[in-house]
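1. Coordinates only, no sequence provided:
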């Protein structure tokens, strides 16, 4: 049996002498050098597996129930998204029976477009990346090219190409890359129609060579190949002015009807083309899903019921200080009404709570020393920038 000294002189794994390595970690029976420790860590990380939903187990009802935990309202949109995701992942298991069908979410700001996409990605436990279409340009021009979107998705998958190839890319502000008119211009539109042209292949599905920027598995500048055929692309935009396109389709003059008495027509591919998206791009978006403006009542429900409610999040923050945070009903109603009338939707809710609680959080330690037990946001806190009501011992 080797002596204890021999265990402390050489690495039991690679056999290197302690003089050949930076550190040698020794126990009573063996030793390991710092190089082997690093290799073991890499092997363990490479073999990590995340629990993902089997495509056979995906149920549209379950997806909708999961969405309901975060997304208030938009019931019709949530059903359509659940069906689209179900069909997409059925296609992964049976590629010959379905063609790829991407999604376009259209609705006003604060209506839940980004939240729906994030929640679906969380449910499926797949890599997710949000790209702002307004920053994209054609290759060779200043700005991010479309290949950088796929590189970023691989980075969000921690360098795992196979996982990235089943992920979701959320292309926000897609309406901002609409061409400026229906007439084809002789000048280059590198951040509008040019980007639409560049997106065509990756959205439909192609093997794309991309250069990595930063990742532990792929050094900076390394070129890798990614198959985009099974990546789900969810486009999103407010499409301001689209209603005018729809109204124009009803006719003008004597043939025009009273639009206020007519049901709102669904958005069609033709509407998007007239808005400025090129036909080839629209053709690769199989599902056009419209989200409506949230009502004041739905915004109120977000404050009290949604898992991502800023009020409930702040309550948990104050709980860590053993302080109870409360909200006057008149204050919450005012926040909801203000967000509704200013057309900022759910996005504006957090701003009100940030402003209402800023000074209290800044002074929280001093207030606790004075015996603070509770904080209540009142209508005056929201309307007049007054401090919340404090309850002391």
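-> Everything's here; your move. Everything numeric here is computed off the predicted structure, so don't read it as measured data.

2. can I see the domain layout of the protein?
-> Listed by automatic domain parsing, the domain ranges of the chain are 4-46, 55-290, 296-392.

3. First-to-last residue distance for the last one?
-> Meaning domain 296-392. 34 Å (CA to CA, to the nearest Å).

4. Could you shift the numbering so residue one becomes 226, and keep it that way?
-> Got it, the first residue is 226 from now on, which makes the last one we talked about domain 521-617.

5. Provide the count of other residues in contact range of the nearest residue to residue 351 once chain neighbours are set aside.
-> The shortest distance from residue 351 to any non-neighbouring residue, by CB to CB, 6 or more residues apart in numbering, is to residue 392 (4.8 Å). Backbone N, C-alpha and C define where each C-beta goes, glycine included. Using other CB atoms under 10 Å, residue 392 has 22 neighbouring residues.

6. Tell me how many other residues surround residue 609.
-> Per other CB under 10 Å, the neighbour tally for residue 609 reads 8.

7. just residue 304 next, same as before
-> Residue 304 has 16 neighbours, counted by other CB under 10 Å.

8. Make a markdown table out of the domains of the chain and add mean pLDDT.
-> Putting the domains of the chain into a markdown table (pLDDT from 0 to 100) gives the following:
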| stretch | mean pLDDT |
| --- | --- |
| domain 229-271 | 74 |
| domain 280-515 | 81 |
| domain 521-617 | 95 |
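
9. Check which helices and strands the helix or strand hosting residue 426 sits against.
-> Following DSSP states H and E, one finds residue 426 within helix 418-429. Applying 3 or more CB pairs under 8 Å, 6 or more residues apart in numbering; DSSP states H and E, one finds that helix 418-429 contacts helix 371-381, helix 504-508.

10. Please identify the deepest-packed of these.
-> Ranked by average neighbour count under the criterion mean count of other CB atoms under 10 Å, these are headed by helix 371-381 at a mean of 22.

11. Contacts made by that helix with the rest, please.
-> The contact list for helix 371-381, computed with CB atoms under 8 Å, 6 or more residues apart in numbering, reads 352-354, 356, 361, 364, 385-386, 389, 392, 394, 396, 420, 423-424, 427, 433-440, 443, 449, 451, 453, 456.

12. Tell me which of these fall in strands.
-> 353, 354, 356, 394, 396, 433, 434, 435, 436, 449, 451 (DSSP state E).

13. which one of those sits closest to residue 242?
-> Each of the ones in strands among the contacts of helix 371-381 was scored against residue 242 by CB to CB, and residue 449 proved nearest at 37.6 Å.
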